[in-house]
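# Give me coordinates for this.
(one chain, ligands or ions: 2)
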Amino acid sequence: MLRIGIVGLGQVGKTTLFRILTRAHGGGLAANRPEAHIGVVRVPDARLDRLAEMYRPKKQVYAAIEYVDTPGSVIELARSGSQAQLLREAAALAHVVRAFDSEAGPGPAASVDPRRDIENVELELILSDLAVIEKRLERLEKEIKKQRNAALEREFHVLRACRAALETQTPLRAVPLSGEDEKAIRGYTFLSRKPMLYVLNLGEKDAPRANAAEEFVQAAGWKRRPGTAVTAICGQVEAELAELDPGAAAEFQASYGLAEPAASRLIRTSYELLGLISFFTVGEDECRAWTIRSGSTALEAAGEIHTDIQQGFIRAEVVRYADLVAAGSLAEARSRGTLRLEGKEYVIEDGEVVHFRHSR
Ligand SMILES: Nc1nc2c(ncn2[C@@H]2O[C@H](COP(=O)(O)OP(=O)(O)O)[C@@H](O)[C@H]2O)c(=O)[nH]1
Ligand SMILES: [Mg+2]
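Ligands and ions are numbered 1, 2, ... in the order given. As a prediction, the model looks like this:
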């Protein structure tokens, strides 16, 4: 399962966010490590809810992501060899940035300055990657002198290009690499290459603006960088929301002018940032959302469900979510011609309902 690391300076609301996500979204602690908490969080999806209303299945299964709460400050983690592993294992990082006033500010820099905090953390990730690259380049140079080796030479050139970028303080996620080049350095799990979700943790008075993270971005004059996304949340308010039963929560939410819990939006944004989409399978036993990378083929999607379905793949019956809802059933969608038969190479789109025909 894909894992997202919740990182940030100390006392910015990382654990608060972790609790909100795991409590309000069907989460549970998947594992307990002394140094970290890992929680499985389901991806809210109104489309799946609607499909379940149609089919009344015995089971309804949402897509899920893992979040890991990291201790202390991400700066210490990045500097410490052993603890940096927590960061390396993550497919993406969610950087909680303090935008609320508090007595217990994050260390010596007690003032609220999201842009400064973002840049400090970015710099730390860049320095961490630079240290790894410097060491590796030294060794590679010697090895290449001893014997010609195309793979090592490719790695050498890619790392040199990466180093050049880092030296101008460009994070590696902003460096475009070909598929082959990306493969050559994938094993390093560079920290500045991980997709980054900035989570502005707003004060209570800004809670109604939590839907408008873009406004904050523009006000702060940030340039949008590749591989990043921004969302806002009010940790305090959301923590209270997560404690309430659904009816009271809806009222409380409305009183803050919020259309939906910011946590739902945050989870969806994480999902999009990772380039993930959902397709659905439906039936009386189970209605389920499956996670695939955008651009995946029908054959790859089949493999997500079961290798037997992939190996015995015959055809995929595909209908868009809205067309299925309009038709009311797969049979009716078929007679309306909105249900299509597709082959192995068909690229699945977000929200499609798929039924695999297979020979096993
Ligand atoms: N005022 C305010 N306080 C918050 C908010 N989010 C977290 N806090 C407080 O900030 C402190 C640190 O929060 P915590 O989640 O433990 O931060 P961590 O060190 O990053 O894990 C706690 O006292 C929280 O109650 C918020 O949105 N507004
Ligand atoms: Mg904490």
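# host element of the residue of the chain found nearest ligand 2?
Residue of the chain nearest ligand 2, by C-beta to the ion: residue 15 (3.3 Å). Using the backbone N, CA and C atoms, a C-beta is placed for each residue, glycine as well. Taking DSSP states H and E as the definition, one finds residue 15 inside helix 14-24.
# Which elements pack onto that helix?
strand 3-7, strand 36-42, strand 64-69, strand 92-99, strand 196-202, helix 235-243, helix 262-273 (3 or more C-beta pairs under 8 Å, 6 or more residues apart in numbering; DSSP states H and E).
# what's the closest non-adjacent residue to residue 211?
Nearest non-adjacent residue to residue 211, counting by C-beta to C-beta, 6 or more residues apart in numbering: residue 259, 6.3 Å away.
# pretty sure the one you found contacts residue 208?
No - Residue 259 lies out of contact with residue 208 (C-beta atoms under 8 Å); the separation is 10.4 Å.
# tell me which helix or strand of this structure sits lowest on mean pLDDT?
Of the helices and strands making up the chain, the lowest-confidence element is strand 28-33, at a mean of 48, by mean pLDDT, DSSP states H and E.
# Which residue is most remote from the mean position of the chain?
residue 146 (42.2 Å; C-alpha atoms, centre = their mean).
# quick one, the helix holding residue 15 and helix 235-243 angle?
Between helix 14-24 and helix 235-243, the angle comes out at 20 degrees (axes from the mean of the first three to the mean of the last three C-alpha atoms, to 10 degrees).
# List the buried residues in helix 14-24.
For helix 14-24, the neighbour count (16 or more other C-beta atoms under 10 Å) marks 14-24 as buried.
# do stretch 191-208 as well
191-203, 206-207.
# Select, from those, the two members most distant in space.
Across the buried residues of stretch 191-208, the longest distance by C-beta to C-beta is 33.2 Å; it joins 193 and 207.
# contacting residues around the residue nearest in space to the middle of the chain?
Centrality entry for the chain: nearest residue to the mean C-alpha point is residue 270, 3.2 Å, by C-alpha atoms, centre = their mean. Residue 270 makes contact with 4, 65, 92, 94, 197, according to C-beta atoms under 8 Å, 6 or more residues apart in numbering.
# beta partners of the second one?
Which is residue 65. For residue 65, the beta-bridge partners are residue 41 (DSSP bridges).
# start at 37 instead
With the count now opening at 37, the last piece we talked about shows up as residue 101.
# Name the spans of the stretch 137-286 of the chain whose pLDDT lies under the cut-off.
138-146 (pLDDT under 70).
# rerun that using 50 as the cut-off
Applying pLDDT under 50 to the stretch 137-286 of the chain picks out no residues at all.
# For it, what lies in contact range of ligand 1?
138, 237, 239, 270-272 (C-beta under 6 Å from any ligand atom).
# What is the most widely separated pair among these?
With C-beta to C-beta as the measure, no two of these lie farther apart than 138 and 270, at 12.8 Å.
# what about those two, which has more around it?
In this view residue 138 and residue 270 are compared by other C-beta atoms under 10 Å, and residue 270 has more residues nearby, 26 against 15.
# Tell me who's in contact with the residue nearest to the more buried one when sequence neighbours are not counted.
Nearest non-adjacent residue to residue 270, counting by C-beta to C-beta, 6+ apart: residue 243, 4.0 Å away. Shown in contact with residue 243 (C-beta under 8 Å, 6+ apart): 270, 273, 292-294.
# Just the buried residues of those residues.
So, by 16+ other C-beta under 10 Å, the buried ones in the contacts of residue 243 are 270, 273, 292, 294.
# wait, which of those residues is closest to ligand 1?
Using C-beta to the nearest ligand atom, residue 270 comes nearest to ligand 1 of the buried ones among the contacts of residue 243, at 5.1 Å.
# what residues are up against the closest one?
Residue 270 makes contact with 136, 237-240, 242-243, 246, 292, 298, according to C-beta under 8 Å, 6+ apart.
# same question, residue 95
Taking C-beta under 8 Å, 6+ apart as the test, what residue 95 contacts is 321-324.
# out of those residues, which is most surrounded?
Scoring the contacts of residue 95 on neighbours with other C-beta under 10 Å, the highest-scoring entry is residue 323 at 25 neighbours.
# can you tell me how far that one sits from ligand 1?
From residue 323 over to ligand 1 the distance is 35 Å, taken as C-beta to the nearest ligand atom, to the nearest Å.
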